[in-house]
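[1] Quick check, what structure comes out for this input:
(chains A and B)
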Amino acid sequence: MIGVELRKLFRRPRTWATIAVLNALPVLVAVLLQLTDLAPRPGEGPPFLSAVLTNGALFPLAALAIVLPLFLPIAVAVVAGDAVAGEAQAGTLRYLLVRPAGRTRLLVAKLLAVVAFVLVTVLVVAAVGYVVGATLFEAQPTGGTSVSGTSLSQEELAGRSLLAIGYVTVSMLGVAAFGLFFSTLTDSPLAAALGALAVLVTSSLLFTLDAASPIAPYLPTRYWLAFVDLFRDPVLWRDVVRGLALQGVYVGVLLAAAWANFTTKDVTS
Amino acid sequence: MAARGHGAPARWAAVGLLVAVLVALPSLVAALPADDADVPAAELRAAVLASADVGFSGYAVSAGGLALPVSERLTDVADLFSDRTLVRVWWRGPAEHRVDVVTAAGETGVHRDPGGTWTWDFESRTATRGTAASLALPTPPDLLPAALGRRLLSEAADGEVTRTRTGARRVAGRDALGLRLVPAEPAASVGRVDVWVDPASGLPLQVEVFAEGADRPALDTRFLDLDLAVPPAEVVAFAPPPDATLLTAPDTDELIADAGERAPDVELPGGLAGLPRRTFGGVPDAVGVYGRGVTLLAAAPVPGRLAGGLREALTASPDAVTDELGTRVAAGPLGLMLVEPADGPAYVLTGTVTLDALADAARRLSGVVA
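    Predicted structure coming up:
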């Protein structure tokens, strides 16, 4: 069933169109940066972007940082929101459920398909970022400099980049779970995606508000930027660990809610 | 197909229970009582004063609620007292430590070694070598709970630290015992300082500074994580990376001496607002520092062009008081005043004193200058 869902997702042209659009922004930023040579001022702009001018090997991280706040979660919300509601809208959901596999397995298969989409998207963004960074900017063969000013060997840099890719993927799970849950509530994929986006916007807005600081540790977007902490020396694990745990809690709760709703739902379309 | 609602209440109840447990968990953990130990206040204070050589590493946050009206010239200092600052620290001793200010997209690390300091700024990719100065603006290392608590307690008079302790609370997963400092000087604008100390090591884990009559701290600095093991030397040491821009920090002592030479030849009084003057090596006669501990007042002459900008910044504050003595404003417990006598140079007065004490000091200064 998981294989079926994966094939279905990655055979759709729009999946690849989404990934292509996601890559367009970092590439555009890289070209502009190369043409103007104007790095963002300290404290402004996405993380790692100012460091890219001296070391192109950091561009995959800058590319991730560029798509992380908005583009990537939008794509995830659209794909996750489509998961169940899309089938309902197309009138294929009841045929899916005729199979003896059961609704819980369908939900898990849908979530895994979304996770696979996130992973592929993040990997493609990082890979395209690597190629763009190596061709447009001077890449340093000796590795790079950590955020703390220590030297990182090429292996260390690659290892930490892989960790960052994994962390960004996990960070998107919360959005995916919201999209999937809303997708079981409604027959409209658009409504489900917009619901997940509303959660995202609310969370990002509250995070900037000082008055909301008591609830900040529970906001799904709170620890997204913690992947930067992987490039400090020594690595600052605190926020990374909390980010992983928080996403785990959101996925657990929302999947349970989706299960409670979907397995007892009267499917008519 | 299952009929709608069949088994639904039970399933939703299970989900509801899961959410309730998860929501309640953090507050339950936070509500765990801290163990109070029977340590007398004097003994605890002595342990704090002896803790400068205790090695540790940790992660601390300092939050200030002070909107300083000096936004343009001293943005770093203003941010330090008005924002949340997150710092990582590795402490091997007073002359060997590393303090990193962590921001979302970068960090600024200060590496102290016996010869001076290296300051690394990731976003501008600069490494700056400087020397330890006798008089400097506050920097993030000064706001570490361990450093700030020790400094405030070391200069407090015996009568200022209350004899009875203020209970215990959990800070950074440790049971911290409370010490309360109430400044005795009438000029003091700080109502009280609460220092929460780890009794085993003597390290202050949290310091809260309250303005007179306030129930929320004007400055709250505390550890979030603390590891009481001496960090390895290679973590504290710093070698500038090959692609960094190397800079040399301006020699603060020289700058101060220069300023002293250019400053008008005036004698500052031996006491202001009831606070005695104190002397530091290398500080010119035209700059006066008064008081001790949490009650400090500094007086320095300002050149005419700076005075104009400062006056504008001060009067822009809605709480500013302007009279014949000058313009004064308070940001929490911190007072700032520009004294502009009709004849003679302008003075800036700043410190943790009340506005009345500032006015008193201005009267005295104007009299001296005239």
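
[2] quick one: buried residues of the strand or helix carrying B:Gly309?
    According to DSSP states H and E, B:Gly309 maps onto helix B:304-316. Neighbour counts over helix B:304-316 (16 or more other Cβ atoms under 10 Å in any protein chain shown) mark B:307, B:310-311, B:313-314 as buried. Using the backbone N, CA and C atoms, a C-beta is placed for each residue, glycine as well.

[3] now stretch B:114-122
    Neighbour-count burial for stretch B:114-122 [16+ other Cβ under 10 Å]: B:117-122.

[4] still on that earlier bit, ok, so of the buried residues of helix B:304-316, who is nearest chain A?
    Chain A lies nearest to B:Ala313 out of these, by Cβ to the nearest Cβ, at 21.7 Å.

[5] May I see the buried residues of helix B:304-316 organised as TSV, with pLDDT and distance to chain A added?
    Listed next are the buried residues of helix B:304-316 as TSV, based on pLDDT from 0 to 100; distance: Cβ to the nearest Cβ, whole Å:
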residue	pLDDT	distance to chain A
B:Ala307	78	30
B:Leu310	79	25
B:Arg311	81	29
B:Ala313	79	22
B:Leu314	80	25
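
[6] could you pull out the strands for the stretch 101-250 of chain B?
    B:106-113, B:116-121, B:126-130, B:168-171, B:174-181, B:190-197, B:204-211, B:219-227, B:245-248 (DSSP state E, counting those that start in this stretch).

[7] ignore the last one, the stretch 101-250 of chain A
    Under DSSP E, counting those that start in this stretch, the stretch 101-250 of chain A gives strands at A:144-145, A:151-152.

[8] Just name the most buried of those strands.
    strand A:144-145 (a mean of 25; mean count of other Cβ atoms under 10 Å in any protein chain shown).

[9] on contacts alone, who are the packing partners of that one?
    If contacts are counted by 3 or more Cβ pairs under 8 Å, 6 or more residues apart in numbering or on different chains; DSSP states H and E, strand A:144-145 sits against strand A:151-152.

[10] on that earlier part again, return the member of the buried residues of stretch B:114-122 nearest to chain A.
    Nearest to chain A among the buried residues of stretch B:114-122, with distances taken as Cβ to the nearest Cβ, is B:Trp120, at 3.8 Å.

[11] Show the contacting residues for the closest one.
    With contacts defined as Cβ atoms under 8 Å, 6 or more residues apart in numbering or on different chains, B:Trp120 is in contact with A:148-149, B:107-109, B:111, B:126-127, B:238, B:240, B:244.

[12] now B:Arg192
    Contacts here follow Cβ under 8 Å, 6+ apart; on that basis B:Arg192 touches B:180-183, B:210.

[13] so who does the closest residue to B:Thr85 other than its chain neighbours touch?
    Nearest residue to B:Thr85, sequence neighbours excluded (Cβ to Cβ, 6 or more residues apart in numbering or on different chains): B:Ser62, at 5.0 Å. If you count contacts by Cβ under 8 Å, 6+ apart, B:Ser62 has them with B:80, B:84-85, B:87, B:140, B:143-145, B:219-222.

[14] Buried ones among the residues you listed?
    Of the contacts of B:Ser62, these count as buried by 16+ other Cβ under 10 Å: B:80, B:85, B:87, B:140, B:143-145, B:219-222.

[15] For the stretch 101-250 of chain A, which residues score under the pLDDT cut-off?
    Applying pLDDT under 70 to the stretch 101-250 of chain A picks out residues A:140-143.

[16] Can you get me a residue count around the closest residue to chain B within the stretch 51-200 of chain A?
    For the stretch 51-200 of chain A and chain B, the shortest gap (Cβ to the nearest Cβ) falls at A:Gly149, measuring 3.8 Å. By other Cβ atoms under 10 Å in any protein chain shown, the residues close to A:Gly149 number 26.

[17] From A:Val240, how far off is it?
    Distance, A:Gly149 to A:Val240, using Cβ to Cβ, to the nearest Å: 20 Å.
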